[in-house]
Structure formats: C-alpha cells, structure tokens
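Chemist: using only what follows, build the 3D model:
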Amino acid sequence: MPQKAPTSPLKYLWKSLETLPTLQAVKEEWKTLLKDEFSSVEPLLTPCPDLATSFPRRGRSRMGLPLRVVQHGDDDFVAVCDETGERYILSRSDLIVYRVFIPRLFSVLAQAMGLSEATVTLAPDFPALVGIFQHGAGV
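Modeler: The predicted model follows:
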C-alpha cells in the first residue's frame, strides 16, 4: 500500500538523514533530530532486531559521546557515562533501534515527485530506483 506523502515540507528530515550515516537510531534520537516532524516521518521507520548498545545524552548534556548501555536484567537497563557518572534508567523499549525503511521512503518520494512506483530490488530491502516519469504522448 503506498504511503501518504507528508502534507507540509520536512525541514529536518534531510539533515537527520545526513546526521545518521547508518540511517538508524533509537526513537529518542529520531525525536530530537526531527522535532515536530517526527510523527510525519515515523511511518518511514522500522524496528531493527538488535537493541542499542549506546544511548544519546539528554537535555543540555547532549554534547559528547553517547552513554554506554549496561543490562542488569531482562528489562533492566542503565545508560552510563564512564567519565561523569551520568546515569539514566532505561527499558527494553527505549533501546529499540529504528531504521529508515528505504522502499517506503522511495515510495513516498516517488509520490511526492509525481513518479509512478517502479522499484527494482538489487538486494533485500534496497530498491535501485525511485520511479519512472510518466509523460503524455507527443510530449
């Protein structure tokens, strides 16, 4: 089913994609990067099977390396800064990594640009092209 294109311009999406070279992060990081656009972009994200082993810093302390995640039990996680002792209690759901689902992103881009969807799969979940421009006869 084609995804609905966002109705307003996305100011933070492209910067977020450039900031995250692997196109994946925990939900808190996506929310920080995308700001009020998160709800528009969230349908383009899909969970990864592995949990995060690091967690972004919160608030004013966002500068610096991410915090190291320590697991104490099945749903008992703590994010720790080894230098400052900064700590946050986390749950398993906080550590789910979400990545951009490329076929869905390409589908939305094709729709926004007026292209018909024409996806060729080269490898699992990585389409080769966004779409094909449809033009009228004699144009």
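Chemist: in this structure, where is pLDDT below threshold?
Modeler: For the chain, residues meeting the criterion pLDDT under 70 lie at 1-10, 59-63, 116-139.
Chemist: let's go with 80 and repeat that
Modeler: Along the chain, the parts satisfying pLDDT under 80 run over 1-11, 13-14, 17, 21, 58-64, 106-139.
Chemist: my guess is K27 contacts Y98, does it?
Modeler: Yes. Between K27 and Y98 there is a contact at 6.0 Å, judged by CB atoms under 8 Å. All C-beta spots, glycine's among them, are computed from the backbone N, C-alpha and C.
Chemist: name the next helix or strand downstream of whatever helix or strand C48 lives in, please.
Modeler: Secondary structure from DSSP states H and E places C48 in strand 45-51. Note on strand 45-51: by DSSP H and E, the next helix or strand toward the C-terminus is strand 54-55.
Chemist: that following strand: partners in the sheet, and parallel or antiparallel?
Modeler: Sheet pairing for strand 54-55, assigned by DSSP bridges, gives strand 67-73 (antiparallel).
Chemist: what's the next secondary structure element after the strand it pairs with?
Modeler: According to DSSP H and E, the helix or strand after strand 67-73 is strand 76-80.
Chemist: which elements pack onto that following strand?
Modeler: The helices and strands touching strand 76-80, judged by 3 or more CB pairs under 8 Å, 6 or more residues apart in numbering; DSSP states H and E, are strand 67-73, strand 87-90.
Chemist: in the protein, which spans are helices?
Modeler: 13-19, 27-34, 38-41, 102-112 (DSSP state H).
Chemist: alpha carbons of the shortest one, in CSV - could you do that?
Modeler: Once non-C-alpha atoms are left out, helix 38-41 reads as follows in CSV (Å, rounded to 0.1, in the frame of the first residue of the first chain):
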residue,chain,number,x,y,z
PHE,A,38,8.7,13.0,14.0
SER,A,39,5.0,11.9,13.6
SER,A,40,5.2,12.6,9.8
VAL,A,41,8.4,10.6,9.4
